[in-house]
Structure formats: structure tokens, C-alpha cells
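> pasting the structure only:
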């Protein structure tokens with residue numbers, strides 16, 4: 001989940017509530033769904049929140065949400081913009097892999113270092129979330145005074161060009177460098193270039209943005225030093241490129257609102273494609289239809305129309321009740337342009353519930369004739385989990401989504417092998433992040449990631465998980481075979497095949513299941529220290545000591561052993 005560092009004093013100043021203690025701020029933020037995760041070394045609050053509210057990636061966005069929650073802000077504010085004076089001309093040479101661009105100008109800023117740090121933090125958080133590490137959208141922020149628009153003087157001469165360039169073509173001086181480089185050289189010689197080289201390295205022509213002086217931006221990799229923003233900058237030019245127009249337009253709206261809250265005056269920019277023109281930023285307000293009945297049924301509340309409209313105001317929304325004779329209790333809800341998460345009326349109900357206060361809702365039994373209970377499968381899983389905890393394992397619940405690199409490459413496993421854990425993982429059509437593109441075929445890689453993140457903690461470390469696994473299987477109705485696996489890992493000086501086998505034997509004995517462990521080979525484990533897991537005559541898993549190559553890949557300096565098998569094997 002995104003984590004943002006926020007200065008509590010600045011938050012008090014932005015909200016106008018200097019009387020709020022840190023504990024009171026924590027409570028107010030928690031009511032919005034924002035959790036306190038400790039402090040930074042500088043004393044800032046580390047705030048974690050759901051990735052749907054990307055408008056809160058900046059402290060000004062958090063302050064705006066609190067202002068509505070307190071009832072200090074009413075209605076939807078839309079920054080004024082003028083007619084476009086600058087144009088981004090998109091040439092046909094632009095790579096088809098990254099064809100979209102958007103932009104805006106913000107003037108009249110008076111920045112200090114705190115403001116500049118906040119802008120940079122917002123930029124990087126948007127890159128990491130909505131921009132998918134710059135793959136789907138990348139932001140460039142420039143000092144406008146350092147740009148020289150091209151074009152006829154009679155027309156203002158304020159055009160810049162988004163083009164595709166030869167990798168070894170024109171040179172420019174990138175940020176954090178004093179040496180002029182070609183785009184290709186940036187990808188091999190500059191630290192930032194090496195980090196994001198994979199974004200463009202396969203393109204025939206690289207994305208680039210020019211003004212009359214020359215190349216000043218190499219998206220999505222790095223900006224030029226000539227247009228670097230500092231505390232002396234007053235007017236900013238913001239450009240964004242990406243693979244989807246809607247995504248970069250919404251990222252731009254969030255940036256514009258953040259700068260508007262710091263006193264900036266937004267100005268429009270024309271984006272001229274070969275076949276159409278757009279005026280950006282797009283700050284249009286969208287609407288959703290919401291019924292009073294749906295709100296009350298979902299939340300279990302009795303609200304009069306005035307109360308409902310007040311709750312919508314406190315959520316930063318606006319609502320008008322439909323006045324037609326046959327439409328009583330139907331509202332047209334207006335949604336501000338920085339909200340990227342409202343996809344369905346139920347999202348509005350969630351906002352209303354938060355404004356009311358979920359802790360204020362009174363629990364009640366549903367009006368049905370039955371009461372829920374655990375299934376037999378759930379009770380069985382709980383019994384296995386309790387026994388694992390009794391054997392000294394720390395119970396985990398990891399993400400079901402991961403990446404092929406974590407499943408196979410880092411475990412030295414070929415997905416096309418016949419070994420346990422290999423296979424074709426179900427792939428997401430449009431993933432949120434490159435780190436979470438497939439469903440896991442086995443869970444041991446998840447435990448290895450936890451051990452990797454825990455190298456600063458003392459040993460031994462014994463971890464276990466009973467979790468979801470899946471594999472593409474065209475013989476099933478859904479083309480996906482789903483299952484639950486029992487996974488355990490032991491790390492420490494004494495970890496060995498024998499220590500893992502002893503615990504596995506206790507599991508089998510407690511469930512009245514015969515255990516056999518015939519020798520086998522598996523690339524994730526050491527030859528001669530690995531075996532199949534056979535329960536009641538059926539091969540269901542693998543057990544062994546982790547191969548040194550796997551340990552090195554996960555930065556482990558102690559031995560590790562583990563096992564994984566299908567949960568159904570204990571039935």
C-alpha cells in the first residue's frame with residue numbers, strides 16, 4: 001500500500017486546526033481510511049492508505065479530505081484555467097508503444113524546500129502507483145522560464161514537440177549530470193537511465209520532447225538539467241506521457257490540484273495530435289446516479305435526505321435530488337476530477353459510510369432465516385494451521401499475486417519442468433504493478449520473500465502459510481486449477497532436511513496419514529537433500545534444504561529448509 005511521509009505541523013496549518021494533537025490527527029485520519037505507520041527520522045508521520053485514493057498521495061490532498069470531513073470545505077472546487085497559450089505537437093514519428101501525452105502550466109508559485117520536496121514525493125508516488133513504475137504514465141515537471149517555444153512569432157511561438165528520436169541522435173544534459181549524452185548513452189551510463197532502461201530499450205525510436213533550443217525531456221526516463229525545478233522556480237510546465245490517455249490525464253489532474261492548493265494558477269495546454277486536438281488539463285466533473293434506498297440498505301441506516309446530502313458534502317462530493325414526480329430518493333452525485341476511484345455507485349456508498357463513521361454503525365443480524373458457520377474444509381484448514389503454530393511456526397498470509405521472476409527465476413525453477421511448483425501461472429490481463437502480474441503456482445517463494453525482508457531479525461525463523469495457489473489447466477471449466485497448499489520454511493544455523501522432516505512427520509501423524517519421502521531432484525533444493533512428499537500413497541509435494549543459489553538470491557546467510565504440499569493430502 002502507498003505510504004506518504006507527512007509533517008503534522010504542516011497538516012495542522014493546511015487544515016486550519018492547529019489545536020489538533022497528533023493522537024487526534026491519527027483518529028481523524030483513520031476515519032478516512034488512512035493508517036498511521038510510525039514516524040520517520042525527521043518526526044514526520046508515515047501514513048498508509050488504500051491505493052484507490054491517489055488524490056491523497058500529497059499532503060494537500062490529505063488536508064483537503066480532512067477539510068471536507070471537518071465540514072470546513074463545502075462543494076467541489078475546480079481550478080480556473082485560461083485558453084491555451086502553449087501547444088504540445090505530437091509528431092507521427094512518436095513510438096506507437098507510448099503514443100499519448102498531456103500537459104498543463106501552473107504559474108505564480110512561491111516554493112520553499114518543503115513545497116519542493118512534497119511535489120517530488122507526489123510525483124514519485126504517482127509513478128509507483130497509477131503510473132506503474134512509469135510504464136503506464138510518467139511525469140515531467142519543468143521550469144517554464146527555461147523553455148523557448150517554437151513557431152511563428154505572430155502566433156506567440158509557444159509550441160513544443162513530442163517526437164520519436166534515434167537512440168544515438170541528439171544529445172542533452174540529464175538531471176544529476178554535467179555531461180551531454182544521447183538517449184542511448186543515458187540508458188547505459190546514467191543511474192536513473194539504467195533503472196528505467198527497460199521501459200524504452202526495445203523501441204526503434206525513443207520518446208523525446210523538444211523546444212526551440214533542443215531536447216529537454218526523455219520520457220519516461222529522465223528530464224534535462226536545463227529545465228530543472230528549484231525553489232526559485234515560479235512557473236512550471238508539466239508534461240506526462242504514457243500508454244493510456246485517461247491515466248495520464250487523471251495523474252495530471254491530481255498534480256494540478258496539489259499545486260493549486262499551494263497557490264498556483266493553472267493554465268491550459270493544447271495537445272495537437274495528427275488527427276485531433278485536446279485541451280488539457282481535463283478538470284471536468286463526472287456524475288453517478290445514487291438511490292437513497294441503496295444507501296440505507298447497504299449501510300443499515302435510516303437517513304433523511306438532508307443528512308445524506310451532508311454526508312456526501314463531508315466526503316467531498318455534491319448531490320442534487322432528482323425533482324421529477326416519479327424519482328423521489330434519486331440523487332445525481334457530482335464527483336471531482338481528482339477522484340480516480342469512483343467506478344460504481346457502491347463507491348459512493350463507501351464514502352457515505354466513512355463520513356458517517358463505520359465505528360458508529362450498530363451490528364445486527366441479517367434478516368435471513370439462516371446463520372453462517374464454518375464449512376468442513378475451513379475447519380480442517382484451521383486445525384492444520386493450529387498444529388503448525390503449535391510446532392513453532394509463525395502463521396503468515398501473503399499475497400496470492402506475484403511475478404514470474406519471484407515464482408521461477410529467483411527459485412532457479414524452470415516453469416516448463418515437471419517439478420513441484422512449476423507450471424503455467426494464470427496471468428492478469430491488466431495488472432496493477434509489474435510485481436503482481438500472475439497468480440502464484442506455489443507458496444514457498446512467498447515465504448522466501450518474507451525471510452529476505454527479515455534478514456535484520458534474529459534466528460531461527462520458522463514461517464508457515466496455508467494459502468491459495470493456481471495453475472492454468474485447460475481440462476477445467478475455468479481453465480484454471482485452484483488449490484490450497486501447506487507451506488513451511490525454517491531458517492537458521494540448525495535448519496536442515498531432518499528438522500523439516502520431523503515437523504512434517506508430526507503433521508502426518510496427527511491427521512492419521514502415512515508419510516513417505518522418496519528421494520527426488522528439484523532445482524530449488526540441494527541434490528541429495530530433497531524428497532517427494534507422499535501422503536497415503538499419493539505424491540502431493542516436496543521437502544528439502546534450499547539450494548545455495550536460492551539463498552544467495554534472497555540475501556540469506558544461514559541455511560534454510562522447507563516443505564510444501566497440497567492441503568488435501570491431509571484429509
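Structure's in. What do you need? For clarity, every value in this text was computed on a predicted model and none was experimentally measured. Numbers count the residues shown, from 1 in each chain.

> Pop out the phi and psi values for residue 291.
Phi and psi for residue 291, reported as degrees, to the nearest 10, are phi -100, psi 140.

> got the contact list for residue 4?
By C-beta atoms under 8 Å, 6 or more residues apart in numbering, the residues touching residue 4 are 46, 47, 49, 56, 57, 58, 59, 62, 121, 125. Any C-beta I mention is one placed from the backbone N, CA and C, and that applies to glycine too.

> Grab the nearest non-local neighbour of the fifth one.
Yep, that's residue 57 we're talking about. residue 125 (4.2 Å; C-beta to C-beta, 6 or more residues apart in numbering).

> these two touch, right, that neighbour and residue 2?
Yes: with contact defined as C-beta atoms under 8 Å, residue 125 reaches residue 2; the gap is 5.8 Å.

> For the residue nearest to residue 57, what are phi and psi?
The phi and psi values for residue 125, taken as degrees, to the nearest 10, are phi -70, psi -40.

> any idea how far it is from residue 557?
Distance, residue 125 to residue 557, using C-beta to C-beta, to the nearest Å: 33 Å.

> When these two are compared, which one has more neighbours?
residue 125 (19 against 9; other C-beta atoms under 10 Å).

> Mind pulling up the pLDDT for that one?
On pLDDT, residue 125 comes in at 92.

> quick one, what contacts it?
Residue 125 touches 2, 4, 54, 57, counting by C-beta under 8 Å, 6+ apart.

> Look at residue 70 and say how many residues are nearby.
Neighbour count for residue 70, taken as other C-beta under 10 Å: 14.

> Now tell me which of the contacts of residue 4 the prediction trusts least.
For the contacts of residue 4, the pLDDT minimum is residue 49, 79.

> For that residue, which non-adjacent residue is spatially closest?
Among residues not flanking residue 49 along the chain, residue 34 sits closest, at 4.3 Å (C-beta to C-beta, 6+ apart).

> and the residue nearest to the spatial centre of the chain, what pLDDT?
In the chain, the centroid-proximal residue (C-alpha atoms, centre = their mean) is residue 129; its distance is 3.9 Å. Per-residue confidence at residue 129 stands at 89 (pLDDT).

> Roughly how far does it sit from residue 50?
11 Å.

> How about residue 441?
Remark: distance between residue 441 and residue 50 (C-beta to C-beta) = 28 Å.

> the more surrounded of those two?
Per other C-beta under 10 Å, whichever of residue 441 and residue 50 has more neighbours is residue 441, with 26 against 13.

> Please identify the helix or strand for that one.
Using DSSP states H and E, residue 441 is not contained in any helix or strand.

> Quick one, grab the pLDDT at it.
For residue 441, the model assigns a pLDDT of 97.

> what do you get for the one 5 residues further on?
Residue 446 carries a pLDDT value of 97.

> Which residues are in contact with it?
Neighbouring residues of residue 446 by C-beta under 8 Å, 6+ apart: 396, 398, 399, 402, 406, 440, 465, 467, 487.

> Keep only those of these that are in strands.
402, 465, 467, 487 (DSSP state E).

> And the closest residue to the second one other than its chain neighbours, how far from residue 554?
Pointing back at residue 465 there. Of all residues not flanking residue 465 in the chain, residue 396 sits nearest, at 4.4 Å (C-beta to C-beta, 6+ apart). Applying C-beta to C-beta, the value for residue 396 to residue 554 is 15 Å.

> And these two? Which one has more around it.
Counted by other C-beta under 10 Å, residue 396 and residue 554 do not tie: residue 554 has more neighbours, with 20 against 16.

> The closest residue to the more buried one other than its chain neighbours in helix, strand or coil?
Leaving out its chain neighbours, the residue that sits closest to residue 554 by C-beta to C-beta, 6+ apart is residue 452, at 4.2 Å. Per DSSP: H, G, I helix; E, B strand; the rest coil, the secondary structure class of residue 452 is helix.

> Can you tell me the SS state at residue 311?
Here residue 311 is recorded as helix under three-state DSSP.

> Near it, how many other residues are there?
22.

> Verify the contact between it and residue 354 for me.
No: here residue 311 does not reach residue 354: they are 9.0 Å apart, not a contact under C-beta under 8 Å.

> pLDDT weak spots in the stretch 1-150 of the chain?
The model of the stretch 1-150 of the chain has no residue with pLDDT under 70.

> those helices in it, which residues are they?
8-15, 22-31, 59-70, 113-128 (DSSP state H, counting those that start in this stretch).

> The last one: which residues count as buried?
Within helix 113-128, the residues that count as buried by 16 or more other C-beta atoms under 10 Å are 115, 116, 118, 119, 121, 122, 123, 125, 126, 127.

> ok, the last one - contacts?
Translated: residue 127. 133, 134, 137, 138, 139.

> Recalculate using a threshold of 6 Å.
Counting by C-beta atoms under 6 Å, 6 or more residues apart in numbering, residue 127 makes contact with residue 134.

> Distance of it relative to residue 340?
Relative to residue 340, and taking C-beta to C-beta, residue 127 is found at 15 Å.

> likewise the first one?
As for residue 115, its distance to residue 340 is 24 Å (criterion: C-beta to C-beta).

> Does the residue nearest to residue 49 touch residue 50 like I think?
No: using C-beta atoms under 6 Å as the test, residue 34 is too far from residue 50 to be in contact (8.6 Å).

> before we move on, back to that, among the helices of the stretch 1-150 of the chain, single out whichever gets nearest to residue 538.
Among those, helix 113-128 comes nearest to residue 538, with 44.3 Å by C-beta to C-beta.

> roughly how far is the closest one from the heart of the chain?
The chain centre lies 16 Å from the centre of helix 113-128; the measure is C-alpha atoms, centre = their mean, to the nearest Å.

> just stretch 399-415 next, same as before
Remark: stretch 399-415 is offset 20 Å from the chain centroid, using C-alpha atoms, centre = their mean.

> Now do the end-to-end distance for that stretch.
End-to-end distance of stretch 399-415 (C-alpha to C-alpha, to the nearest Å): 20 Å.

> which residues sit against it?
Around stretch 399-415, the neighbours that count as contacts under C-beta under 6 Å, 6+ apart are 422, 435-437, 439-441, 445, 468, 523-524, 549-550, 553.

> Of these, which one scores lowest on pLDDT?
Confidence by pLDDT is poorest for residue 435 among the contacts of stretch 399-415, given 88.

> how close does that residue sit to residue 341?
21 Å.

> repeat for residue 258
Distance from residue 258 to residue 341, by C-beta to C-beta: 17 Å.
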